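> Below: sequence and its predicted model.
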Amino acid sequence: MLAEIRQQPEALAHTLSSATRPVERFKRLLEKRRPRLVVLVARGTSDNAALFGRYLLEIAAGIPVSLAAPSISTLYDAHVDYRDALVVAISQSGESTDTNLVLERARAAGALTLGITNESGSTLARIAEHTFLVRAGREKAVAATKTYTGQILMMYLLAYALGGRVRIADLERIPEAVEQAVALEAEVEELSNRYRFMRHAVVVGRGLNYSNAFEFALKLMETCYVVAERFSSADFLHGPIALVEPSFPVFAFAPPGKTWPSIGETLAKLNGLRAEIVAITDSGNRDVAGHATRVIRLPRRMKEVLTPIPYIVPAQIFAACLAVQKGLDPDQPRTISKVTLTL
């Protein structure tokens, strides 16, 4: 898991350079056949990437986005009218049975279909009319890391293809930002030792980093066996904050920008409850120091829209190191496997 976390700068750079031609072709197609909505279908970590895509595509491209519920097709055998829709299936392995079934039915129902996967020879790549390939190399660890950031990168490229406010030149800066995040490994490993007896936690984010709250919590659950709840900072104040007592661990994604007032308000209330707060941010947010017990700070200020990929990297490292602190093997979590087949 740690080796694959360290591979992310190279994997992202390779993915971006390899995607230029297919993305430009897809962009030209969408100019002639613009969908009325986008439907994203995925499971697990890929579903967290889809959650990010929902925010980004609506913000940057101004097109409605829905997250598919595969059970509608696999259990209830419902038939949905997908005419004039773009249906995007996201799967690391490309072999997720329910994701593939939804895509197959959507294509038959008139949708334009796109597959995003790390495996060019997968079932998903065969079913989809068009494919964006994540070029992360084989992922051996059960807990996905480099494929998650690769899928997030593909969401930016999809927004670009839809005519959204995304600049390729900005995306080209992401691998370097991730390299700087990877360089925090020793600092994050030392911090993880403080939480080796942690059994419960909350992770909060908002907006473009809301998906990272889900992904960080998932990593804590599957590699460290920590019961980790995940919330929007807005939703958290509507009831779940009652969970918090003194020393209760809360992890927060706290970029500068539009979401900081909401995140800052939440952290201020958590401070009043004497929670143990770890904030992930960058050098552009100096206010966070007065709101958190510990701060993981990336050295370079970034536009908020570009923070999700670099910000998740310290969280991935934390989960991998915490698992080791707990005497666990993050590469082989109990009871789960790399490819999960569900209907």
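Cool, got the structure.
> May I ask which helix or strand encompasses Val203?
Following DSSP states H and E, one finds Val203 within strand 200-205.
> ok, that strand: who's next to it in the sheet?
In the sheet, strand 200-205 lines up against strand 227-232 (parallel), strand 249-253 (parallel) (DSSP bridges).
> Highest mean neighbour count out of those?
Highest mean neighbour count among those (mean count of other C-beta atoms under 10 Å): strand 249-253, with a mean of 26. From N, CA and C alone the C-beta is placed, and that goes for glycine too.
> Identify the bridge partners of Val227.
With DSSP bridges as the rule, Val227 is bridged to His200.
> And the strands in the stretch 201-343 of the chain, which stretches?
Ranges of strands within the stretch 201-343 of the chain are 227-232, 249-253, 276-282, 294-298, based on DSSP state E, counting those that start in this stretch.
> of all the ones you listed, which lies closest to Thr99?
When the strands of the stretch 201-343 of the chain are compared by C-beta to C-beta, strand 227-232 sits nearest Thr99, at 21.4 Å.
> For that closest one, give the mean pLDDT please.
In this model, strand 227-232 has a mean pLDDT of 96.
> what does it contact?
The contact list for strand 227-232, computed with C-beta atoms under 8 Å, 6 or more residues apart in numbering, reads 199-206, 210, 213-214, 216-218, 220-221, 240, 243.
> Show me where the chain has its helices.
For the chain, the helices defined by DSSP state H occupy 2-6, 8-32, 44-61, 71-74, 97-108, 123-127, 146-161, 168-171, 174-182, 185-192, 210-224, 233-236, 260-272, 308-325.
> Now tabulate those in JSON lines and tack on distance to Met302 and mean neighbour count.
Below are those laid out as JSON lines (distance: least, C-beta to C-beta, whole Å; neighbours: other C-beta atoms under 10 Å):
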{"stretch": "helix 2-6", "distance to Met302": "19", "mean neighbour count": "19"}
{"stretch": "helix 8-32", "distance to Met302": "14", "mean neighbour count": "17"}
{"stretch": "helix 44-61", "distance to Met302": "15", "mean neighbour count": "22"}
{"stretch": "helix 71-74", "distance to Met302": "37", "mean neighbour count": "16"}
{"stretch": "helix 97-108", "distance to Met302": "31", "mean neighbour count": "21"}
{"stretch": "helix 123-127", "distance to Met302": "31", "mean neighbour count": "19"}
{"stretch": "helix 146-161", "distance to Met302": "13", "mean neighbour count": "26"}
{"stretch": "helix 168-171", "distance to Met302": "9", "mean neighbour count": "13"}
{"stretch": "helix 174-182", "distance to Met302": "6", "mean neighbour count": "21"}
{"stretch": "helix 185-192", "distance to Met302": "18", "mean neighbour count": "16"}
{"stretch": "helix 210-224", "distance to Met302": "14", "mean neighbour count": "25"}
{"stretch": "helix 233-236", "distance to Met302": "19", "mean neighbour count": "21"}
{"stretch": "helix 260-272", "distance to Met302": "13", "mean neighbour count": "18"}
{"stretch": "helix 308-325", "distance to Met302": "7", "mean neighbour count": "25"}
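> right, so of the strands of the stretch 201-343 of the chain, which gets closest to Val38?
Proximity to Val38 (C-beta to C-beta) singles out strand 227-232 among the strands of the stretch 201-343 of the chain, at 21.2 Å.
> Off-centre distance for the strand holding Val203?
On the basis of C-alpha atoms, centre = their mean, to the nearest Å, strand 200-205 sits 15 Å off its chain's mean C-alpha point.
> Read off the pLDDT value for the residue most central in space within the chain.
Most central in the chain under C-alpha atoms, centre = their mean is Ala49, positioned 4.0 Å from the mean C-alpha point. With respect to pLDDT, Ala49 has a value of 98.
> ok, the nearest residue to it once chain neighbours are set aside - contacts?
Once flanking residues are discounted, Ala49 sits nearest to Gln151: 3.7 Å by C-beta to C-beta, 6 or more residues apart in numbering. Residues counted as contacts of Gln151 (C-beta under 8 Å, 6+ apart) are 46, 49, 90, 92, 116, 134.
> Isn't the first one up against Val88?
No: with the criterion set as C-beta atoms under 8 Å, Ser46 and Val88 do not qualify as a contacting pair; they are 10.6 Å apart.
> Can you give me the distance of the closest residue to Leu322 other than its chain neighbours to Arg294?
Spatial nearest neighbour of Leu322, excluding adjacent residues (C-beta to C-beta, 6+ apart): Ser192 at 4.4 Å. To Arg294, Ser192 is 11 Å away according to C-beta to C-beta, to the nearest Å.
> Ok, Glu189 next?
13 Å.
> pretty sure Ala289 is touching Ser283, no?
No: in this structure, Ala289 is not within contact of Ser283 by C-beta under 8 Å, at 11.3 Å.
> Check which residues of the strand holding Val203 are buried.
Within strand 200-205, the residues scored as buried using 16 or more other C-beta atoms under 10 Å are 201-205.
> contacts for that strand?
The contact list for strand 200-205, computed with C-beta under 8 Å, 6+ apart, reads 211-214, 216-217, 220, 226-233, 236, 240, 243-244, 248-253, 259, 263, 266.
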